[in-house]
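A.B. asks: Need coordinates for the following:
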Amino acid sequence: MTKPHTRIEKPSPPTRAALLPATHQEIVHEISANYERLSKRLKQIAGYALDNPNDFAIDTIAETARKAQVQPSALIRFAKAFGFDGFSDVQRLFQQRLLDVHSSYESRLESVRGSGENTPAALLGRFVEGNIAALEHLSRTIAPEKLNEAVRLLGQAGVIHVMAMHRAFPLAAFFYYAIATMGRRVQLIDNVGGLGREQQKQIGINDALFVASFSSYTPEVVHTAEQTLRRGIPVVALTDHPLSPLTTNSSVCFHVKDAAVHDFRGLSTSMCLVQTLIVALGVEA
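C.D. replies: Here you go, the predicted structure:
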């Protein structure tokens, strides 16, 4: 008996909406990946968006155009270059980034309140326990050859430039403080006064860049690492996941897991690695 013919339906092509960036992290990736293909004006907007994500999220189109030094129509062209109908569609992804940060902290605090471990002593015990485990994991997983290569690249630099923001900023501040105390030439890219772009331009061909960023990966840091590596300048990165954009935008990349209690992450493990690099540089000098 002949079996009835079964028709196999061809999958429908993805809709236009499904192909568009849907999160802040996705639009940042698209901007970075397509930066060189953009026109001069659109590159100007891309640089402004990555350097000033908070302003880009909340300012009107007129204010954004004035600050980015472009015409409002250029912002619409920028949005259309990434498949969106208008500027507000891109801006909404930057706004979501701000909302996600607030919501995340509220939910974490609620988790602590309902855990029964909300006394200072109980929290201290949990954080100490978690950090010990994270530090032990670090000592087992960091490859010696990576440490050696990072120290070599940073050690031969005329100037070491250091950049990190938000939760990772203390790593950059400590790195800068310790290296400067050793008498080595070092620059902290801290964007004080909105001068981050001017500070980044000081990175010379014989220098090196150290960056740190964790999920959800600060756009300004990722952009600086990408542009610096593209110029052939060594980049040493510290991040938290192999899929971090810093993995592909660095010469040497360390993936570090800091301890988390109720999703509140510390910096003990990352700081330990930074301290190791600093002291190793001092020994090599």
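A.B. asks: and the end-to-end length of stretch 30-37?
C.D. replies: Chord length of stretch 30-37, first to last residue, is 11 Å (CA to CA, to the nearest Å).
A.B. asks: Please list the residues outside it that contact it.
C.D. replies: Residues from elsewhere that reach stretch 30-37, judged by CB atoms under 8 Å, 6 or more residues apart in numbering: P21, K43, A46, A49, L50, A81, F82, P219, V222, H223, E226, P245. In short, each C-beta sits where N, CA and C put it, glycine included.
A.B. asks: pLDDT-wise, what's the bottom of these?
C.D. replies: Checking pLDDT across those, the minimum falls on L50 at 80.
A.B. asks: Mind checking what secondary structure that residue has?
C.D. replies: Secondary structure, DSSP: H, G, I helix; E, B strand; the rest coil: L50 is helix.
A.B. asks: ok, it touching Y217?
C.D. replies: No. L50 lies out of contact with Y217 (CB atoms under 8 Å); the separation is 11.1 Å.
A.B. asks: Now that we have the contacts of stretch 30-37, which of them are buried?
C.D. replies: With burial judged by 16 or more other CB atoms under 10 Å, the buried subset of the contacts of stretch 30-37 is P21, A46, A49, L50, A81, F82, P219, V222, H223, E226, P245.
A.B. asks: check which helix or strand covers the residue nearest to Q69 when sequence neighbours are not counted.
C.D. replies: Take Q69 and drop its neighbours on the chain: the residue closest to it by CB to CB, 6 or more residues apart in numbering is Q44, 6.8 Å away. Element membership for Q44, per DSSP states H and E: helix 40-51.
A.B. asks: Stretch 196-215: which residues count as buried?
C.D. replies: Neighbour-count burial for stretch 196-215, counted by 16+ other CB under 10 Å, picks out 196-197, 199-200, 203, 207-214.
A.B. asks: Tell me how this structure divides into domains.
C.D. replies: Annotated domains of the chain cover 19-98, 143-284 [automatic domain parsing].
A.B. asks: how about low-confidence regions in the chain?
C.D. replies: Scanning the chain with the threshold set as pLDDT under 70 gives 1-18, 98-115, 118, 262-263, 285.
A.B. asks: What segments of the stretch 101-250 of the chain are strands?
C.D. replies: Under the criterion DSSP state E, counting those that start in this stretch, the stretch 101-250 of the chain contains strands at 160-164, 186-188, 208-212, 235-239.
A.B. asks: partners of the shortest one in the sheet?
C.D. replies: This points to strand 186-188. Strands that pair with strand 186-188, judged by DSSP bridges, come out as strand 160-164 (parallel).
A.B. asks: check contacts around the spatially most central residue of the chain.
C.D. replies: Nearest to the geometric centre of the chain sits Y217, at 2.7 Å (CA atoms, centre = their mean). Listed by CB under 8 Å, 6+ apart, the contact partners of Y217 are Q25, V28, T239, S244, P245, L246.
A.B. asks: just to revisit the earlier point, of the contacts of stretch 30-37, closest to S251?
C.D. replies: Among the contacts of stretch 30-37, E226 lies closest to S251 (CB to CB), at 12.2 Å.
A.B. asks: Surely that closest one and N249 touch.
C.D. replies: Yes. Shown here, E226 and N249 form a contact pair, counting by CB under 8 Å, at 4.3 Å.
A.B. asks: what about the helices in the stretch 101-250 of the chain?
C.D. replies: For the stretch 101-250 of the chain, the helices defined by DSSP state H, counting those that start in this stretch occupy 120-141, 144-155, 169-181, 196-200, 219-230.
A.B. asks: Those helices into a markdown table, with extra columns for distance to Y35?
C.D. replies: Putting those into a markdown table (distance: least, CB to CB, whole Å) gives the following:
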| stretch | distance to Y35 |
| --- | --- |
| helix 120-141 | 33 |
| helix 144-155 | 24 |
| helix 169-181 | 24 |
| helix 196-200 | 14 |
| helix 219-230 | 8 |
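A.B. asks: most neighbours per residue, which of the ones you listed?
C.D. replies: Stretch with highest mean neighbour count among the helices of the stretch 101-250 of the chain: helix 219-230 (a mean of 23; mean count of other CB atoms under 10 Å).
A.B. asks: closest to N131 out of the strands of the stretch 101-250 of the chain?
C.D. replies: Minimum separation from N131 across those (CB to CB) falls at strand 235-239, 16.6 Å.
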